[in-house]
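1. heads up, no residue letters with this:
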């Protein structure tokens, strides 16, 4: 009965949100109904991810969730790149990285920690994730410093951005080979956090995968409808473009991952929750951002990989605290609080810019 009511709410809010968008109803109403639809769609994606992870394991399930979630964000970003809104894209990428590392991971660790005194996942995987996060910071930090300090020409800036983008993509693809193929057993789920826990999956394997794809498509549509209303809503409440891009757009774009990670953590599947939060941040920094730079060359002016000092500081702080919290492969509720407090500090700082 509860599941039937959920799917009824999912279909009704999704359809209503689409009608409100294409019929150009009141912008505030569009924002509210789209936000409600995002909650339902996020829950649907979370259920699909949990069912897939039962068959595929926590790591692969979390990876699929992060990938499908970022696919929607990538589609939206491509349209922004085509329109030449490079600064908004960079702000949303920054917000996505810090949002996943601080908000998603923080809420997952907090909610899971309130139910379980301590949650454990593969420490070797945590160590590799920490190293990759540092690689992401280096890849974003070096171009910004050199281009700004040495006053590179536009041609040199473009060359460095494309070169670094290709290197980061190669690093990410090699990481997938390392973690999913050559060293799969070393980074596998530990016995006490392995997928399933004796629970029966919600759906069959084929239906779980189908629903994961369907939920992702729905996320893409609802996210675009909601983002479409953000400019008017932000102007009405006097919010800056940087704050909207780094926090509002990022939170909306990652709503599906938020719910999925939290639900999994509360079922003591912290391995999948960490893979969603940290894995999504790594995917954004090492794959999505570089791909957008390469794609921008097809539309005219190339988007460089030079982020502002504010954005770099936010990413650096998020990586530092997330690395400190997750590197030992153990989590508790207080570590979740620390991550959330850093996110709140950054939120106030961005709001005042």
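-> That came through, no problem. From a predicted model like this one, the values you see are computed outputs, not experimental measurements.
2. What's the mean pLDDT across stretch 243-258?
-> Averaging pLDDT along stretch 243-258 gives 70.
3. just stretch 39-46 next, same as before
-> Average pLDDT, stretch 39-46: 79.
4. the longest helix in this protein is where?
-> In the chain, assigned by DSSP state H, the helix with the most residues is helix 205-237.
5. Which other helices and strands does it contact?
-> helix 2-22, helix 27-56, helix 58-82, helix 249-253, helix 255-266 (3 or more C-beta pairs under 8 Å, 6 or more residues apart in numbering; DSSP states H and E). The way it works is simple: take the backbone N, C-alpha and C, and place the C-beta from them, glycine included.
6. Could you give me the buried positions within it?
-> Residues 208-209, 211-212, 215-216, 218-227, 229-230, 233-234 are the ones in helix 205-237 that count as buried (16 or more other C-beta atoms under 10 Å).
7. how big is the angle separating that helix from helix 27-56?
-> 150 degrees (axes from the mean of the first three to the mean of the last three C-alpha atoms, to 10 degrees).
8. Could you number the chain from 42 rather than 1 from now on?
-> Let's use 42 as the start, then, which means that last one is helix 246-278.
9. Run the angle between helix 246-278 and helix 99-123 for me.
-> Angle of helix 246-278 versus helix 99-123, following the same axes, to 10 degrees, is 40 degrees.
10. Let me know the average pLDDT across helix 246-278.
-> The model assigns helix 246-278 a mean pLDDT of 81.
11. Let's verify residue 228: helix, strand, or coil?
-> Three-state assignment for residue 228 (DSSP: H, G, I helix; E, B strand; the rest coil): coil.
12. so where's the stretch 92-241 of the chain shaky on pLDDT?
-> Filtered on pLDDT under 70, the stretch 92-241 of the chain yields the residue ranges 98-100, 103, 110, 113, 229-241.
13. if we go to 50?
-> Along the stretch 92-241 of the chain, the model assigns pLDDT under 50 to residues 232-239.
14. Could you report the neighbour count for residue 360?
-> 24 (other C-beta atoms under 10 Å).
15. From what I see, it and residue 172 are in contact.
-> No - using C-beta atoms under 8 Å, residue 360 makes no contact with residue 172, being 10.9 Å away.
16. related to what we said a few turns ago, for residue 226, which of the helices and strands packed on helix 246-278 is the nearest?
-> Residue 226 sits nearest to helix 99-123 of all those, at 11.5 Å, using C-beta to C-beta.
17. which helices and strands sit right next to that closest one?
-> Using 3+ C-beta pairs under 8 Å, 6+ apart: helix 99-123 touches helix 68-97, helix 127-139, helix 246-278, helix 290-294, helix 296-307, helix 311-324, helix 330-337.
18. Return the most buried member of the ones you listed.
-> Of all these, helix 311-324 has the most neighbours on average by mean count of other C-beta atoms under 10 Å, namely a mean of 30.
19. What's the mean pLDDT across that helix?
-> On average, helix 311-324 scores 85.
20. Give me the helices and strands touching that helix, please.
-> Counting contacts by 3+ C-beta pairs under 8 Å, 6+ apart, helix 311-324 packs against helix 68-97, helix 99-123, helix 127-139, helix 146-156, helix 164-190, helix 195-218, helix 296-307, helix 350-367.
21. and if we set it to 7 Å?
-> helix 99-123, helix 146-156, helix 164-190, helix 296-307, helix 350-367 (3 or more C-beta pairs under 7 Å, 6 or more residues apart in numbering; DSSP states H and E).
22. so of these, which one's packed in deepest?
-> Sort the helices and strands packed on helix 311-324 by mean neighbour count, taking mean count of other C-beta under 10 Å, and helix 296-307 sits at the top with a mean of 27.
23. now that one and helix 246-278, what's the angle there?
-> 120 degrees.
24. residues in contact with helix 296-307?
-> For helix 296-307, contacts defined as C-beta atoms under 7 Å, 6 or more residues apart in numbering pick out 79, 82-84, 86-87, 90-91, 106-107, 110, 141, 145, 148-150, 152-153, 156, 260, 313-314, 317-318, 321.
25. Just give the nearest non-adjacent residue to residue 363, would you?
-> Residue nearest to residue 363 in three dimensions, not counting chain neighbours: residue 142, with 4.2 Å by C-beta to C-beta, 6 or more residues apart in numbering.
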